[in-house]
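1. Could you look at this predicted model? Sequence included:
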Amino acid sequence: MSDPVSWDTGLIRRYDKAGPLYTAYPTLAQYYDGILPTDLYTALRESSRVGRPLSLYVHIPFCANTCHYCYCTRVITKDRSRAQPYLAALYREIDLISDQVAMQSPVERLHLGGGTPTFLGHADLSELMARLRSRFRLHDDDTADYSVEVDPREADWTTLGLLRELGFNHVSLGVQDLDPEVQRAVNRLQSLEQTQTVMDAARALAYRSVNMDLIYGLPRQTPASFARTLEQVIEMKPDRLTLRNYTHLPELYPPQRHICAAELPDHDTRLGIYGASQQRLLEAGYRFIGMGQFALPDDNLSLARETGMLNRCLQGYVAGEECDLIGLGVSAISQVGDLYCRNSCDLQEYQQHLALGRLPIRNGLKCSADDRLRRLLIQQLMCHFRVNFREIEQRFKIDFAAYFADCMGMLRQMQGDGLIHLSADGMEVLPVGRPLIARICMVFDAYQYAIDGKRYASIL
């Protein structure tokens with residue numbers, strides 16, 4: 001059975017607060033300058049020495065058109081030739097990184113993201129995968145999880161067929177909203193027929209799963225319009241569906257300045273949209289994974305939640321064991337052991353560093369003993385909705401209640417409100433608390449008082 005989840009609007013309003021989504025801990029806000037390429041090389045060699053499996057993330061930043069809501073690192077251009085100098089730099093980065101990695105380290109997960117990965121032509125996509133296969137131990141069968149983000153406006157049956165031949169078995173479709181008025185407000189016109197065509201291609205080509213991303217809180221969106229979008233999506237029956245809260249931060253993301261703030265639904269309306277959508281997805285047979293992620297019962301995310309094999313990483317929820325993550329491309333983040341490092345977000349700077357044979361690391365973080373403890377605690381809450389205090393105590397040689405004495409007052413308040421159940425041996429997140437899992441995790445975040453509400457969106 002899947003973990004049950006319920007919705008209490010009063011409690012949601014009380015506890016909803018701006019904060020991190022905890023795809024990793026510590027979060028990007030804690031990264032600092034001074035992390036060097038030699039730090040990453042050392043971490044990679046240690047990963048190979050102990051035989052940890054790998055996950056690769058490759059960032060393709062190019063898009064032919066701008067979506068006003070987007071906050072990703074991307075380059076807007078219709079000139080496809082601009083990808084060539086970027087790919088040349090990316091191949092140098094692949095060579096530098098792979099020289100430090102043992103070929104026996106298996107790549108259990110691969111994600112091609114962006115931007116729009118299918119901005120690349122077929123020859124470039126084939127060359128990219130050939131380079132990765134020549135320098136890393138990618139699986140030749142279909143057992144690993146290799147995923148790609150696809151814009152239905154930029155892909156067709158031929159492209160989906162090529163990606164399948166190249167080894168991809170998961171595809172994530174950007175949908176966001178199917179209402180024409182909302183699409184015009186965010187400059188992303190995408191018909192139901194375009195989305196259905198790519199969905200049909202993915203089914204016919206035997207992709208293991210198809211994910212669709214929807215965003216709630218966009219301009220001109222109403223509960224009724226989003227409900228219509230959701231019904232159309234449910235009719236297409238993606239294996240997974242992700243509901244994301246729109247983050248309006250025009251001071252940080254210039255494209256969002258094209259969005260009229262007066263057209264944004266207010267906070268209560270957004271909460272209503274999410275709560276109704278959660279209930280509708282449960283009625284349609286989807287299971288709640290966490291953090292706006294839903295999956296059908298036979299999808300491997302649902303199975304991983306049931307078997308305790310669910311993990312959370314910088315790409316969100318994943319099925320299977322924890323891997324060291326190597327990020328390749330502009331703005332990409334690596335997490336190798338206790339080291340986090342992020343590449344430059346500036347395309348020119350990224351290419352210049354690699355032209356000189358240097359990794360383009362911008363900043364990062366080395367985890368302390370306290371970071372490691374809290375990272376495990378947050379990971380267990382995010383993935384299992386429970387924590388065994390005794391296991392934590394034994395592993396880290398601490399007294400849980402004493403170490404987290406400053407957290408106990410808030411935890412007892414959450415218990416009184418029915419979000420969690422506390423005992424001497426552990427804690428469990430109850431159904432009404434599961435939509436607020438990130439808020440519960442924030443209790444254990446050592447950096448929570450430095451969290452800037454202007455930087456983060458509301459958790460819901």
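-> Structure received. Numbers count the residues shown, from 1 in each chain.
2. Isn't Y71 up against L252?
-> Yes - with contact defined as Cβ atoms under 8 Å, Y71 reaches L252; the gap is 7.4 Å. For every residue, glycine as well, the C-beta is placed using N, CA and C.
3. Between these two, which is the more surrounded one?
-> Shown here are Y71 and L252; by other Cβ atoms under 10 Å, Y71 has more neighbours (15 against 10).
4. Provide the secondary structure category for the more buried one.
-> coil (DSSP: H, G, I helix; E, B strand; the rest coil).
5. Name the nearest residue to it, ignoring sequence neighbours.
-> Counting by Cβ to Cβ, 6 or more residues apart in numbering, Y71 lies nearest to Y253, which is 4.5 Å off, once chain neighbours are set aside.
6. what's the neighbour count on R374?
-> Neighbour tally, R374, other Cβ under 10 Å: 20.
7. Could you point out which residue ranges in the stretch 301-450 of the chain have low pLDDT?
-> 449-450 (pLDDT under 70).
8. My read is that M414 contacts I440, right?
-> Yes - if you go by Cβ under 8 Å, M414 and I440 touch, sitting 6.5 Å apart.
9. Need the overlap of contacts for these two.
-> Counting by Cβ atoms under 8 Å, 6 or more residues apart in numbering, the contacts common to M414 and I440 are I420, G433.
10. Which strand or helix spans the nearest residue to R109 once chain neighbours are set aside?
-> Nearest non-adjacent residue to R109, counting by Cβ to Cβ, 6+ apart: S55, 3.9 Å away. Under the criterion of DSSP states H and E, S55 resides in strand 54-60.
11. go on, P250?
-> Here P250 is assigned to no helix or strand, by DSSP H and E.
12. give me every residue that touches it.
-> Applying Cβ under 8 Å, 6+ apart to P250 gives the contacts Q256, R257, I259, A261.
13. and if you look at L178?
-> Each residue near L178 by Cβ under 8 Å, 6+ apart is listed here: Q190, L192, T195, R228, T229, Q232, V233.
14. make it 10 Å
-> By Cβ atoms under 10 Å, 6 or more residues apart in numbering, the contact set of L178 is 190-192, 195, 214, 225-226, 228-233.
15. Report pLDDT for it.
-> What the model reports for L178 is a pLDDT of 97.
16. Please apply the same query to the one 10 residues further on.
-> Looking at R188, its pLDDT is 95.
17. Nearest residue to it in space, please, no chain neighbours.
-> C67 (4.6 Å).
18. So the one you found: helix, strand or coil?
-> C67 is classified as coil under three-state DSSP.
19. For it, give me phi and psi.
-> phi -100, psi 120 (degrees, to the nearest 10).
20. Give me the distance between it and D213.
-> 12 Å (Cβ to Cβ, to the nearest Å).
21. Also G114?
-> Distance from G114 to D213, by Cβ to Cβ: 13 Å.
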